[in-house]
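S.K.: Turn this into a structure:
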Amino acid sequence: MKEDKQRWNERYLDNPMPQNVSPLLEKYIEHAKVGQAIDVACGTGRNTHYLADRGFIVDAIDISDYALDKVRDSSTIKRIETDLDKYNLTPNKYDLILNINYLNRRLVSQMKDALKSGGVLIFETFIVAHGDFNLPTTNLDYLLRKNELLHSFIGLDVIYYEEKIDINLRGERIKVASLVAKKA
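M.R.: Now for the predicted structure:
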């Protein structure tokens with residue numbers, strides 16, 4: 001955990017992320033009942049703050065203590081510093097699960113159970129695209145395969161799904177998969 005924590009702390013320090021709210025979250029937030037939410041790999045809290053401002057009680061979870069220090073102190077935000085490789089989601093706890101620009105397949109398998117009935121999942125992350133845009137090869141453990149995100153959440157009612165070419169926060173062309181789904 002210490003190596004991952006140090007690597008992420010350095011990444012946030014050396015390459016600060018813009019604080020723009022995820023467009024996917026802004027577009028589909030109305031599908032979620034205001035209640036308990038989790039922002040998985042929340043970073044400096046760009047989406048956490050948006051959720052809290054909309055009335056959600058948010059578990060903001062990340063390995064980086066540097067990033068979590070940027071998440072505002074609030075009675076509606078619980079900052080959780082932990083290694084997501086070891087963290088387990090509580091079953092039937094969340095009205096909304098948000099996962100943007102992060103992939104941990106171990107947590108993916110827990111997300112359906114962590115949603116309450118009627119709970120909404122908003123998930124967007126990167127698809128394998130090495131070679132497509134002259135980007136350096138990334139660890140494939142952190143990249144989705146084609147249609148993997150959709151197949152991972154069979155059993156949820158899909159509101160929106162798309163795989164597309166997009167521009168990341170650094171201005172690079174990338175491939176992303178986006179899913180919004182609801183638990184019956």
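S.K.: And the strands in this structure?
M.R.: Under the criterion DSSP state E, strands of the chain are mapped to 36-40, 57-62, 77-81, 94-100, 115-126, 157-167, 173-182.
S.K.: okay if I get these as JSON lines plus distance to residue 29?
M.R.: From N, CA and C alone the C-beta is placed, and that goes for glycine too. JSON lines is the format used below for those (distance: least, C-beta to C-beta, whole Å):
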{"stretch": "strand 36-40", "distance to residue 29": "10"}
{"stretch": "strand 57-62", "distance to residue 29": "13"}
{"stretch": "strand 77-81", "distance to residue 29": "16"}
{"stretch": "strand 94-100", "distance to residue 29": "8"}
{"stretch": "strand 115-126", "distance to residue 29": "8"}
{"stretch": "strand 157-167", "distance to residue 29": "12"}
{"stretch": "strand 173-182", "distance to residue 29": "10"}
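S.K.: could those strands be laid out in a markdown table, adding mean neighbour count, distance to residue 108 and mean pLDDT?
M.R.: Shown next, in a markdown table, are the strands of the chain (neighbours: other C-beta atoms under 10 Å; distance: least, C-beta to C-beta, whole Å; pLDDT from 0 to 100):
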| stretch | mean neighbour count | distance to residue 108 | mean pLDDT |
| --- | --- | --- | --- |
| strand 36-40 | 26 | 10 | 98 |
| strand 57-62 | 24 | 15 | 97 |
| strand 77-81 | 17 | 18 | 97 |
| strand 94-100 | 24 | 8 | 98 |
| strand 115-126 | 21 | 8 | 97 |
| strand 157-167 | 13 | 15 | 94 |
| strand 173-182 | 20 | 11 | 93 |
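S.K.: Of all those, which one is nearest residue 142?
M.R.: Of all these, strand 115-126 sits nearest to residue 142, with 7.5 Å by C-beta to C-beta.
S.K.: Which elements pack onto the closest one?
M.R.: On a contact count with 3 or more C-beta pairs under 8 Å, 6 or more residues apart in numbering; DSSP states H and E, strand 115-126 meets helix 23-28, strand 94-100, helix 105-114, strand 173-182.
S.K.: got JSON lines for the ones you listed, with distance to residue 159 too?
M.R.: Formatted as JSON lines, the helices and strands packed on strand 115-126 follow (distance: least, C-beta to C-beta, whole Å):
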{"stretch": "helix 23-28", "distance to residue 159": "7"}
{"stretch": "strand 94-100", "distance to residue 159": "13"}
{"stretch": "helix 105-114", "distance to residue 159": "15"}
{"stretch": "strand 173-182", "distance to residue 159": "4"}
